[in-house]
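**Q** Can you look at this prediction? I've put the sequence above it.
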Amino acid sequence: MQDGQYAATYTRDQEQIFGKLDIEGDALHFTSWVKQLKNSERPQQGRVIARSRVWVMREQVEVHGEWDGAQEARFEAIRRSMEREIAQGDYQEKLF
């Protein structure tokens, strides 16, 4: 593959994650959204969404095509969906 940015699915521990694959020579970096615990004195008080950028091997990713506006929109939709899940979970934790 040529250097550039591509839409791809990364497989890790039986989990498939959609994101952006950056190819720079032999280096492959995969960027996706992840849920993390809040960095505070009270970590049980919820989670946040963060970008994750990791080095991957070619056999761990399936490339779907070049990164474009439609792929960026899908990437942002995933982030919004994760934020809704977190908000719902935080709300349910406060009920109990």
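**A** Thanks, I have the structure now.
**Q** Work out for me the element the closest residue in space to M82 that isn't next to it in sequence sits within.
**A** Excluding the flanking residues, the one nearest M82 by Cβ to Cβ, 6 or more residues apart in numbering is I49, at 5.2 Å. Heads up, the C-betas are built off the backbone N, CA and C, glycines and all. Assigned by DSSP states H and E, I49 belongs to strand 47-55.
**Q** For that strand, buried residues please.
**A** Neighbour-count burial for strand 47-55 flags R47, I49 (criterion: 16 or more other Cβ atoms under 10 Å).
**Q** for that strand, the distance to its chain's centre please.
**A** Here strand 47-55 is found 6 Å from its chain centre; the criterion is Cα atoms, centre = their mean, to the nearest Å.
**Q** Repeat that for stretch 12-19.
**A** Worked out by Cα atoms, centre = their mean, stretch 12-19 lies 9 Å from the chain centre.
**Q** do stretch 63-77 as well
**A** Using Cα atoms, centre = their mean, the offset of stretch 63-77 from its chain centre is 12 Å.
**Q** What residues of it count as buried?
**A** Under the neighbour-count criterion of 16+ other Cβ under 10 Å, stretch 63-77 has W67, Q71, F75 buried.
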